[in-house]
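In: Sequence isn't available, so here's the structure alone:
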Ligand SMILES: Cc1ncc(COP(=O)(O)O)c(C=O)c1O
């Protein structure tokens, strides 16, 4: 036999996704397959919907995963509500804003954009002023911009959109499960999450949620596949143009995830098992505790990086807690540092895209990867590699600064609870 058994190396993955998968999720994935209409499986599907509502902090009826990587969620929501010629406003503050533009354009929207420098976010008033000027049907925006490590404040924009009758679609792929995302309170109409980041589930699914304002549009474009439609379905076909994608047609997906259980695609069974376990882990930990954990390890990492003598990239006041961007010092080859971290220590960190290519490193503190031992390991290794690459770090300071954060936090916890 020419090929050896699969033997992937064990890595410490500190990128902004995909990240290390929780061992419980990996175990769940080896559960035997069920048929997708087996009541044992549809019960699991319903549980996934229920848990998604809790993680998304919403009472929306619809919350389910799209089979495909995170952008499939963006595409499903956008293609299901965009009709050719619809105006969509996309405020762009990094790579994934451009992805939203790309998707909207392909479905025939008249896309209006506004941009701010990478590393910054928008003043909500600036976005609101542009919404008033453009008067779009939809505003589509990223919450946590993984490419720059920045997080856009969303509540004021959401309230304004609701008041102005504009649909708000939010890409929370990088933030869901790692920091607060309040779908209902922030008046978000459609939201996309990611599995491979703060949920610590493998890539390959995109959980979404949307409210009745979006559902109304979808229902008005409803279509049932010819080979599946009943006579009644055929009589109820709406006169409006159907959604331009079969795979991402939310009217069909609703019929599949809803009580009717109408056949659409063949479900990605093992990924549903994985998502279920990932969501169970989030809810078991508790949203507040989980967000506090992400913040604690982010703080330890940031303090360590600064103590080493490196500087952070981006607007610190609007930092995405699960992604830390670091300026690559002048004269240092960022890719050589990444390669040495991978080859000598088995640690993966990320570079960035477009205008930031070669200018910053990005370290993710997401989900199962966001652990004390990973933070300490990455800081120690980073220091060693930078020394080898000729950057004069403040030797020994990084780990001490990170440990101070952990010790300080522990003391505070003991003070507040009396014991640990
Ligand atoms: C904020 C954001 N949106 C969308 C995507 C696209 O996700 P995928 O590559 O899983 O399709 C990513 C991927 O990193 C992302 O970080």
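Out: Good, I have the coordinates. Keep in mind it's a predicted model, so treat the numbers as computed, not measured.
In: Residue numbers of the stretch 151-300 of the chain in contact with the ligand?
Out: 171, 173, 174, 203 (C-beta under 6 Å from any ligand atom). C-beta: built from backbone N, CA, C; applies to glycine.
In: Confirm that the first one sits in a strand.
Out: Yes. Using DSSP: H, G, I helix; E, B strand; the rest coil, the assignment for residue 171 is a strand.
In: List the beta-bridge partners for it.
Out: When bridges are called by DSSP bridges, residue 171 pairs up with residue 142, residue 192.
In: quick thing: my sequence starts at 873, can you match it?
Out: Yep, numbering from 873; the last one is residue 1043 now.
In: quick one: the closest residue to the ligand within the stretch 1073-1222 of the chain and residue 893, what's the gap?
Out: In the stretch 1073-1222 of the chain, the residue that lies nearest the ligand is residue 1075 (5.4 Å; C-beta to the nearest ligand atom). Residue 1075 sits 10 Å away from residue 893, going by C-beta to C-beta, to the nearest Å.
In: Over to residue 877?
Out: Residue 877 is 20 Å from residue 893, where distance means C-beta to C-beta.
In: ok, those two, which is more surrounded?
Out: Between residue 877 and residue 893, counting by other C-beta atoms under 10 Å, residue 893 is the more crowded of the two (23 against 5).
In: Strands of the stretch 873-1022 of the chain, start to end?
Out: 884-885, 934-939, 959-964, 982-987, 1010-1014, 1016-1017, 1022-1023 (DSSP state E, counting those that start in this stretch).
In: Same question for the stretch 1123-1272 of the chain.
Out: Counting by DSSP E, counting those that start in this stretch, the strands of the stretch 1123-1272 of the chain are 1195-1199, 1219-1220, 1232-1236.
In: could you give me the average pLDDT of the first one?
Out: Right, the one you point to is strand 1195-1199. Averaging pLDDT along strand 1195-1199 gives 98.
In: Tell me what angle it forms with strand 1232-1236.
Out: Using axes from the mean of the first three to the mean of the last three C-alpha atoms, to 10 degrees, the direction of strand 1195-1199 lies 160 degrees away from that of strand 1232-1236.
In: Ramachandran coordinates for the residue nearest the centre of the chain?
Out: Centroid-nearest residue in the chain: residue 1045, 1.6 Å away (criterion: C-alpha atoms, centre = their mean). The phi and psi values for residue 1045, taken as degrees, to the nearest 10, are phi -60, psi -40.
In: Next: residue 1059.
Out: Phi and psi for residue 1059, reported as degrees, to the nearest 10, are phi 60, psi 40.
In: go on, residue 993?
Out: Note on residue 993: backbone dihedrals following degrees, to the nearest 10 are phi -120, psi 180.
In: so what's it scoring on pLDDT?
Out: In this model, residue 993 is scored at 98, pLDDT.
In: Please look at it and residue 1190 and confirm they touch.
Out: Yes. The pair residue 993 and residue 1190 passes the contact test of C-beta atoms under 8 Å, sitting 4.5 Å apart.
In: Which parts of this structure belong to which domain?
Out: Each domain of the chain is listed here as a residue range: 893-1154, 1159-1289, per automatic domain parsing.
In: ranking the ones you listed by burial, who's on top?
Out: Here the criterion is mean neighbour count by mean count of other C-beta atoms under 10 Å, and of the domains of the chain the winner is domain 893-1154, at a mean of 20.
In: looking at this structure, which helix or strand does the model trust least?
Out: Among the helices and strands of the chain, helix 1269-1289 carries the lowest confidence by mean pLDDT, DSSP states H and E, at a mean of 80.
In: what residue ranges in the protein are flagged as low confidence?
Out: The chain contains residues with pLDDT under 70 at 1282-1292.
In: Closest residue of the stretch 973-1122 of the chain to the ligand?
Out: With C-beta to the nearest ligand atom, the shortest gap between the stretch 973-1122 of the chain and the ligand falls at residue 1018, namely 3.3 Å.
In: how close does that residue sit to residue 1186?
Out: Between residue 1018 and residue 1186 the distance, using C-beta to C-beta, works out to 12 Å.
In: Is the residue nearest to the centre of the chain in contact with residue 1069, as I believe?
Out: Yes. Using C-beta under 8 Å, residue 1045 is in contact with residue 1069, at 6.6 Å.
In: Now do the shared contacts for these two.
Out: Common contacts of residue 1045 and residue 1069, defined by C-beta atoms under 8 Å, 6 or more residues apart in numbering, comprise residue 1018.
In: Assign residue 1113 to helix, strand or coil.
Out: Following three-state DSSP, the label given to residue 1113 is coil.
In: can I assume residue 1172 is in contact with residue 1246?
Out: No. Here residue 1172 does not reach residue 1246: they are 10.3 Å apart, not a contact under C-beta under 8 Å.
In: quick one, helices of the stretch 1023-1172 of the chain?
Out: Ranges of helices in the stretch 1023-1172 of the chain, per DSSP state H, counting those that start in this stretch, are 1027-1036, 1084-1092, 1103-1107, 1122-1129, 1141-1157, 1159-1180.
In: on that earlier part again, pipe the residues of the stretch 1023-1172 of the chain next to the ligand into CSV and attach distance to residue 900 per row.
Out: Below are those laid out as CSV (distance: C-beta to C-beta, whole Å):
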residue, distance to residue 900
1043, 26
1045, 22
1046, 23
1075, 16
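In: Return every residue with contacts to both of residue 993 and residue 1190.
Out: With C-beta under 8 Å, 6+ apart as the test, residue 993 and residue 1190 both reach 1022, 1023, 1024, 1025.
In: Need the nearest residue in space to the second one, chain neighbours excluded.
Out: Closest residue in space to residue 1023, ignoring its immediate chain neighbours: residue 1192 at 4.3 Å, by C-beta to C-beta, 6 or more residues apart in numbering.
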